[in-house]
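Peer 1: take a look and give me a structure for this.
(2 chains)
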2 protein chains.
Amino acid sequence: MNPTLEIFSQGEEVVTGQVVDSNAAWLAQEAVQLGFTVTRHTSVGDKLDDLVALLREISSRADCCLCTGGLGPTTDDLTAEAVAQAFGLSLEFDETAFARIKQFFDRRNRAMPDSNRKQAMLPHGALRLDNEWGTAPGFALQAGRCWFVFMPGVPSEMRNMYLEKVQATLQQRFVLQPQTLITIKTIGIGESDLQQRIKSVVIPDNVQLGFRASLAEVQTKLLFSHDYPSTAIDDLVKSIAGQIGDAVFAIDGLGAASGDVITVIDQLMTDGKHTLAVVETVSQGMIASYCTALPWLLEARYQQTSPINNDDFWEVAKNIAMTTQAQSSADFVLVQLHDADLSAIQDKDSAIVLYNVLLTGHQFHQTTHTVAGPGKRKQHQAALLALDLLRRFLQHKDL
Amino acid sequence: MNPTLEIFSQGEEVVTGQVVDSNAAWLAQEAVQLGFTVTRHTSVGDKLDDLVALLREISSRADCCLCTGGLGPTTDDLTAEAVAQAFGLSLEFDETAFARIKQFFDRRNRAMPDSNRKQAMLPHGALRLDNEWGTAPGFALQAGRCWFVFMPGVPSEMRNMYLEKVQATLQQRFVLQPQTLITIKTIGIGESDLQQRIKSVVIPDNVQLGFRASLAEVQTKLLFSHDYPSTAIDDLVKSIAGQIGDAVFAIDGLGAASGDVITVIDQLMTDGKHTLAVVETVSQGMIASYCTALPWLLEARYQQTSPINNDDFWEVAKNIAMTTQAQSSADFVLVQLHDADLSAIQDKDSAIVLYNVLLTGHQFHQTTHTVAGPGKRKQHQAALLALDLLRRFLQHKDL
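Peer 2: Numbering: from 1, shown residues only, chains lettered A, B, ... in the order given. I've put the predicted structure just below:
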C-alpha cells in the first residue's frame, strides 16, 4: 500500500481565483511518479483559524503533505504561525535562515526590509529548507501521522526547492515504489483514433494507460508499476508505438527526453544542414513563429489570397513551391493552401481542408487534413500539420 | 457578512495532477464578484468514501458549494451516488433528463450507449440543471447548511451551465452584495512602472487594488464594495487611467467589455477602412498570427537578416517601409528591426533593442523598446509592441 499524500496551497489569490493553482498539479504529478497515492488537494486563504483547522485535519488523515505559499514577509503570510498554533510549537529565530535572507539582499545591493526578519522564524524542531532562489526558506516537520513540507508559492522557487531539497528527503523517509512513466508523443492524430489503433494491444492490469491532448501534440501515457520488468516495458512500448505508426514523433521515459516536435525538427534540420522557406495561409505566421530564432528558417511569407477557383490545389501549391524555390536560397520549400475564405476560417462551426506541399530538391511530398474549431485553433493546427509533413519527411524519407 | 462558498472539484485526473484545475479559479472569480466570500477549494479523486466524507464536511461548514466533475457515464463518475449516500437520499430516474441525453445523441446521428442512462439518475429532491452543451445534466440541492450545485467538469460545459443556469439561482437564493470590478488594461508598461505612476492617487480602504500581468497585457484591477457610489467609481478610474497615460488601451467594467488589444485594433482598422502590410524580424510571424483571419492584414513577411552594420536603424526601417508600400496595396506599413543576432534572441540573459516604424501615407511614427527573457517571450513582446504602435496611432493620431 503506497503512503498517502495531500497537497495544500495557501493564499487568498488562489482561493479567490486570481491565480490558477498550477503548483498543485505539478507537485501531484511528481508525487505520483515517486510512488505516493495522492488523495486530496486543498486551498485556503489567509485566515489563521482556517489554516490551523486544516493543518490539524491533514495531520490525522495523510502520511505526507506538500504545502505551498504563505512564507512571504508580509502580515498575511501566516503559515509558520499557523503551524506553531496547530501543533503547540514555539516559533524560534533561525540564525542561518536569517543570514541567508540577508545575503540574498546584499548580493543584489539592496537593503533588507525589516519585515523579512519574520521569514527566519521557524517552528521548534522543524528541518530548515534553504531557498537559493528567493528569500523565503521552506521547512518540514512531523505532526501527528503526517510529514509536512512547506515550500514557497512562487512556482520557480517551489520547483527548484522540491527537486533539489525535498524529493531526496521524501525518498529517505518513506518506503516508496516509484513507477515508470513512458510518454509516446504524436501529432496529426486525435485521441479517439489513437485509442482505435492501439485497441488490439493487450494492456496488463498493472499498467495505467492515459491520454493527454494539447494543441501541439497528443500524448499516450503508460505508467508501469515499480516491479514491471524493463524488457517487458520496452516490448509493450514498441508494440503500441508500432500500432500508432509514423504519427509518433518521440518517446519519452526510455532515455533522454525528446522535447516537442519543433525540437525534433530542429535537430534533424541542423544535422542534415537543410534550410527552409515557407508560404503560409491559414497558419498566418504561426509556422514561422513556432521556429523561434532557428537559423535554418530563412524566410516565411503570409499573403491574404482570394479562394482558388480551381479544383487542383495541388497544382497551384506545387507551382508556388517551385517559384519560391527559384527565388530563395533555401533547399526545402513548404507551402500550405486551403479551400476556405477568411470568414470560414474564423467560423468555429466550419471545417476547412488543408493542402500541404513540401518541395525537397526535385521531389514533392504532400499531405491533406481537415481542421475545425475556432480560428485560433485552426491556425495552430494548420501550422503544426504543415511542420509535421516536414518532420515525417526528415524522420522517414520514404513518403 | 457575505455568505461563504467553497469550490469542490472531483476527478482522479485533477488529484493526480494530469490536468490543472482551471475550473476552480474561474468559479472562484465569478463567486467573489457575485458577493460570496470564497473560503476553500478541495479536490478529491474517484473514491466513494472520500467523496461522501467531503460532502458531509462541506454541508456543515459552508453556505454554498460549487462542484465540478464526476457526472459522466462511466463507473468512476460517482458524484450522484456519493451525494445520495452522504445525505441519505435515494437516486431517482429523471424522465426529462433521460430524454435530453437521448436527444443529444439523436441530433448527432449516434446511438446512445447504455452507460449514459446512469446520467439520468438524480438524488431525490434535486433541482435538475439541463446541459445544452453536453450529455451530463447538472443538479442542485440543499443539504445541511449548504446549497450544493453540481456541474460537469468539461470547462466549456461548466462555464455555459454556470452562466446560463446557476448564476441566476444563486442571486435568488442568497442575499448578495455584488462588488464592482473595473479592469484598466495596458500594454507596453510593466507592473512596477504602473505602480509608480499611480502612487500619487489615493486609493480608499474599501477599494481593493490588484495587478495581473500576462504576456499580452497588464491589468490594473479595482474591486469596489457594493455601496461605492458610481460617480465616485468613475472619478477614481479616470484619475488612475489619466496617471497611466496612453499605455491604457481599454477599460472594462464601466460598459461593454473591450476584448484584448487585437480586438481594439481590429475595430479601429475596420472603422477607418485601413489595410496593413507587415515586415517582421524578432516577432517572426507572430504579428501576423495575432491577427487571425482579419481581412485588413493583407500581407506579412519574415526574412532572416544579418545584423545591420549601421547605427541608423531608423533610416533602414523607413526605407524598408517605403519599398514595401510601393509594392503593396496596403495603406499602412509596419516594420520592426532590432540590434541582435539569432543567438541573442534565443539567449534568455540577453536584452535586445527593437525599432518599430509605422508608415501611414507619407507620415512616419516610431517607437523603441528593450525586451529581455527567453526567445519565445521576446517574440511575443516584439509582436505586441509593434502592434501597440499601430494601436496608439489609431487611438490618438497625434504621435
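Peer 1: drop to CA atoms for contacts and neighbour counts, all remaining ones
Peer 2: Noted.
Peer 1: where does chain A have its least confident helix or strand?
Peer 2: Here the helix or strand of chain A ranked lowest by mean pLDDT, DSSP states H and E is strand A:207-213, holding a mean of 81.
Peer 1: partner strands of that strand, with direction?
Peer 2: strand A:218-224 (antiparallel) (DSSP bridges).
Peer 1: which secondary structure elements does the helix or strand following the strand it pairs with contact?
Peer 2: From strand A:218-224 onward toward the C-terminus, using DSSP states H and E, the following helix or strand is helix A:230-244. Where contact means 3 or more Cα pairs under 8 Å, 6 or more residues apart in numbering or on different chains; DSSP states H and E, helix A:230-244 is packed against helix A:191-198.
Peer 1: thinking again about what came up before, CA atoms of the least confident helix or strand of chain A as CSV?
Peer 2: As requested, the backbone C-alpha atoms of strand A:207-213 are provided in CSV (Å, rounded to 0.1, in the frame of the first residue of the first chain):
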residue,chain,number,x,y,z
VAL,A,207,-0.1,-0.7,-16.4
GLN,A,208,-2.1,2.5,-16.3
LEU,A,209,-3.0,3.9,-19.7
GLY,A,210,-3.9,7.6,-20.2
PHE,A,211,-4.1,10.2,-22.9
ARG,A,212,-3.3,13.9,-22.8
ALA,A,213,-4.1,16.2,-25.6
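Peer 1: how far off centre is it?
Peer 2: From the chain centre to the centre of strand A:207-213 is a distance of 15 Å (Cα atoms, centre = their mean, to the nearest Å).
Peer 1: now do that strand: everything it contacts.
Peer 2: A:Glu191, A:Ile203, A:Val218, A:Gln219, A:Thr220, A:Lys221, A:Leu222, A:Leu223, A:Phe224, A:Ser225, B:Gln18 (Cα atoms under 8 Å, 6 or more residues apart in numbering or on different chains).
Peer 1: before we move on, what about stretch A:329-338?
Peer 2: Contacts with stretch A:329-338, where a contact means Cα under 8 Å, 6+ apart, come from A:274-282, A:298, A:313, A:317-318, A:320-321, A:324-325, A:352-361, A:386, A:390.
Peer 1: switch to 6 Å and redo it
Peer 2: A:275-280, A:321, A:353-360 (Cα atoms under 6 Å, 6 or more residues apart in numbering or on different chains).
Peer 1: tell me the mean pLDDT for it?
Peer 2: In this model, stretch A:329-338 has a mean pLDDT of 96.
Peer 1: show me how far the helix ranked longest in chain A is from its chain's centre.
Peer 2: When chain A is scanned for its longest helix (criterion: DSSP state H), the result is helix A:375-396. Remark: helix A:375-396 is offset 20 Å from the chain centroid, using Cα atoms, centre = their mean.
Peer 1: other SSEs contacting it?
Peer 2: Applying 3 or more Cα pairs under 6 Å, 6 or more residues apart in numbering or on different chains; DSSP states H and E, we find helix A:375-396 packed against no helix or strand.
Peer 1: what residues of that helix count as buried?
Peer 2: Within helix A:375-396, the residues that count as buried by 16 or more other Cα atoms under 10 Å in any protein chain shown are A:375-392, A:394.
Peer 1: outline the domain layout of chain A.
Peer 2: Split into domains by automatic domain parsing, chain A comes to A:4-173, A:180-258, A:262-396.
Peer 1: can you put the ones you listed in a markdown table and add distance to B:Arg108?
Peer 2: Conversion of those to a markdown table gives the following (distance: least, Cα to Cα, whole Å):
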| stretch | distance to B:Arg108 |
| --- | --- |
| domain A:4-173 | 34 |
| domain A:180-258 | 17 |
| domain A:262-396 | 14 |
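Peer 1: out of these, which comes closest to B:Phe139?
Peer 2: Checking the domains of chain A against B:Phe139 by Cα to Cα gives domain A:4-173 as the closest, at 23.2 Å.
Peer 1: picking up where we left off before, buried only: go through the contacts of stretch A:329-338 for me.
Peer 2: Judged by 16+ other Cα under 10 Å, buried ones among the contacts of stretch A:329-338: A:275-280, A:321, A:354-360.
Peer 1: of these, which belong to helices?
Peer 2: A:Ala321.
Peer 1: may I see the buried ones among the contacts of stretch A:329-338 organised as CSV, with distance to B:Phe104 and pLDDT added?
Peer 2: CSV is the format used below for these (distance: Cα to Cα, whole Å; pLDDT from 0 to 100):
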residue, distance to B:Phe104, pLDDT
A:Thr275, 50, 98
A:Leu276, 47, 98
A:Ala277, 46, 98
A:Val278, 43, 98
A:Val279, 41, 97
A:Glu280, 38, 97
A:Ala321, 45, 97
A:Leu354, 30, 94
A:Tyr355, 33, 95
A:Asn356, 35, 97
A:Val357, 39, 97
A:Leu358, 41, 98
A:Leu359, 45, 98
A:Thr360, 48, 96
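Peer 1: quick check: the two most widely separated of the buried ones among the contacts of stretch A:329-338?
Peer 2: Among those, A:Thr275 and A:Leu354 lie farthest apart (Cα to Cα), at 23.1 Å.
Peer 1: quickly check: stretch A:270-289 near chain B or not.
Peer 2: Yes: applying Cα under 6 Å from any Cα of the partner chain, one finds stretch A:270-289 touching chain B at A:Gln284, A:Gly285, A:Met286, A:Ala288, A:Ser289.
Peer 1: of those, which is the most crowded?
Peer 2: Within those, A:Gly285 tops the neighbour count with 34 neighbours, counted by other Cα atoms under 10 Å in any protein chain shown.
Peer 1: how about that residue: what's its closest non-neighbour residue?
Peer 2: Nearest residue to A:Gly285, sequence neighbours excluded (Cα to Cα, 6 or more residues apart in numbering or on different chains): B:Gly285, at 3.8 Å.
Peer 1: so what's that neighbour up against?
Peer 2: Residues in contact with B:Gly285 (Cα under 6 Å, 6+ apart) are A:Gly285, A:Met286, A:Ala288, A:Ser289.
Peer 1: again, only using 10 Å
Peer 2: A:280, A:283-292, A:299-302, B:278-279, B:300-303, B:379-380, B:383 (Cα atoms under 10 Å, 6 or more residues apart in numbering or on different chains).
Peer 1: equivalent analysis for A:Val32, please.
Peer 2: Neighbours of A:Val32 in contact, by Cα under 10 Å, 6+ apart: A:Asn2, A:Thr4, A:Leu5, A:Val38, A:Pro178, A:Gln179, A:Leu223, B:Val15, B:Thr16, B:Gly17.
Peer 1: does A:Thr367 touch A:Val357 like I think?
Peer 2: Yes: using Cα atoms under 10 Å, A:Thr367 is in contact with A:Val357, at 6.9 Å.
Peer 1: and the strands in the stretch 1-150 of chain A?
Peer 2: For the stretch 1-150 of chain A, the strands defined by DSSP state E, counting those that start in this stretch occupy A:4-10, A:37-44, A:64-68, A:91-93, A:121-123, A:127-129, A:138-143, A:146-151.
Peer 1: about what we covered before: quick check, nearest of the contacts of strand A:207-213 to B:Gln196?
Peer 2: B:Gln18 (40.0 Å).
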